[in-house]
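Participant: missing the sequence, but the structure's below:
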Ligand SMILES: Nc1ncnc2c1ncn2[C@@H]1O[C@H](COP(=O)(O)OP(=O)(O)OP(=O)(O)O)[C@@H](O)[C@H]1O
């Protein structure tokens, strides 16, 4: 497995700019999620790397080799499409063996099926598998020829929520066990944050932030990224050093001095002991936690994520802020 370098990639379709100078550098053995809203260019980026689309400009290098002008089969890149796309008339084993040649085929098929947890499934037909098993076969098929790089295009999107979550972990484990360099495209922030070593946030054809999941969540580069990745609670304030004066009191901050929009995550607003300073105006209960809308005396409303017992609407509560808010100049 090898590293991937994408520089200044451009692609337009008629009047639509799908890629507007996308840059991405994936290290050997790394699992990167490209996360962005619908239409931001994720699939186009992946298709350019796979060779299904030819970019208008820019370069794609895998293991030091420029590949953007090579046909797909010469790129040594494996692809796991959205819905697996297995050959329906071929057994699991023959699907996985499809891109393999030579004597070691049988052994390699068994090896990759084992890696994806489908040891003993080689004789089954695709229609005899669950949706999650089909996706694992598609992953095994992509990995079988030992490509330099594996690309996964929304590989869990056709599955229901429970299955998606368990399969995510299994796929990440299989990729890591194989030492694969992989790029996964998704619009699902939970998927990106939970799976990837680094997340590339994509907007309007460009990568706007590329960092480990915790950094993207805690220190988003701009308000758009803050609101796109995770729940954002916004509060206006005036920053002076490491505190900001706000309508709900002084809050610890990180960011430039002056008028600012302050980003808090709902779990940073904690119900505490002490003199009440807010009233609960609404509660959305989810079992494991609840989203509570808090109204302060001056009319400011903020959302808090509360674990365990949720308060009830109308209740007076004391609210404290944990950690620092991130300030963006206003
Ligand atoms: N073959 C094409 N012809 C014309 N326009 C296209 C083509 N492929 C993509 N586009 C346009 O390019 C833009 C980026 O599309 P792309 O499929 O890469 O986005 P995406 O981020 O993968 O979206 P989604 O999450 O909805 O799949 C969109 O505006 C789309 O309509």
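Facilitator: Here it is on my side, so go on. These figures come from a predicted structure and were not determined experimentally.
Participant: Get me the contact residues on this structure for the ligand.
Facilitator: Within the chain, the residues that sit near the ligand (CB under 6 Å from any ligand atom) are 13, 16, 18, 36, 38, 39, 40, 41, 42, 43, 44, 187. Just so you know, the C-beta spots here come from the backbone N, C-alpha and C atoms, and that holds for glycine as well.
Participant: between the residues you listed, which has the most around it?
Facilitator: Ranked by neighbour count (other CB atoms under 10 Å), the residues of the chain next to the ligand have residue 42 at the top, with 27 neighbours.
Participant: Helix or strand for the residue lying closest to that residue once chain neighbours are set aside, just tell me which one.
Facilitator: Of all residues not flanking residue 42 in the chain, residue 185 sits nearest, at 4.3 Å (CB to CB, 6 or more residues apart in numbering). Residue 185 is located in strand 182-186, with elements delineated by DSSP states H and E.
Participant: Now do that strand: which elements does it pack against?
Facilitator: Using 3 or more CB pairs under 8 Å, 6 or more residues apart in numbering; DSSP states H and E as the contact test, the elements touching strand 182-186 are strand 31-35, helix 42-50, strand 149-153, helix 189-195.
Participant: give me that answer again for 7 Å
Facilitator: For strand 182-186, the packing partners by 3 or more CB pairs under 7 Å, 6 or more residues apart in numbering; DSSP states H and E come out as strand 31-35, helix 42-50, strand 149-153.
Participant: Quick one: work out the angle between the longest helix along the chain and strand 31-35.
Facilitator: Longest helix in the chain by number of residues (criterion: DSSP state H): helix 161-177. Here helix 161-177 points in a direction 140 degrees away from that of strand 31-35 (axes from the mean of the first three to the mean of the last three CA atoms, to 10 degrees).
Participant: List of residues touching stretch 56-73?
Facilitator: Residues external to stretch 56-73 that are found in contact with it (CB atoms under 7 Å, 6 or more residues apart in numbering): 2-12, 48-52, 55, 75, 77, 148-149.
Participant: I figured residue 258 hits residue 240, correct?
Facilitator: No - counting by CB atoms under 7 Å, residue 258 stays clear of residue 240, with 8.6 Å between them.
Participant: The helix or strand hosting residue 318 pairs with which strands, parallel or anti?
Facilitator: If you go by DSSP H and E, residue 318 is part of strand 316-321. Strand pairing for strand 316-321, determined by DSSP bridges: strand 269-272 (antiparallel), strand 278-285 (antiparallel).
Participant: and the residue nearest to residue 42, what pLDDT?
Facilitator: pLDDT, residue 185: 95.
Participant: quick one: it and residue 40, what's the gap?
Facilitator: 10 Å (CB to CB, to the nearest Å).
Participant: Residue 301 too?
Facilitator: Noted for residue 301: a distance of 30 Å to residue 40, by CB to CB.
Participant: ok, now residue 282?
Facilitator: To residue 40, residue 282 is 32 Å away according to CB to CB.
Participant: now residue 319
Facilitator: Applying CB to CB, the value for residue 319 to residue 40 is 35 Å.
Participant: Same check on residue 272?
Facilitator: 39 Å.
Participant: One more: residue 166?
Facilitator: Using CB to CB, residue 166 is found at 28 Å from residue 40.
Participant: Tell me what the closest residue to residue 315 other than its chain neighbours is bridged to.
Facilitator: Among residues not flanking residue 315 along the chain, residue 280 sits closest, at 4.7 Å (CB to CB, 6+ apart). Per DSSP bridges, the residues bridged to residue 280 are residue 294.
Participant: quick one, what contacts residue 280?
Facilitator: By CB under 7 Å, 6+ apart, residue 280 lies in contact with 292, 294, 311, 312, 313, 314, 315, 317.
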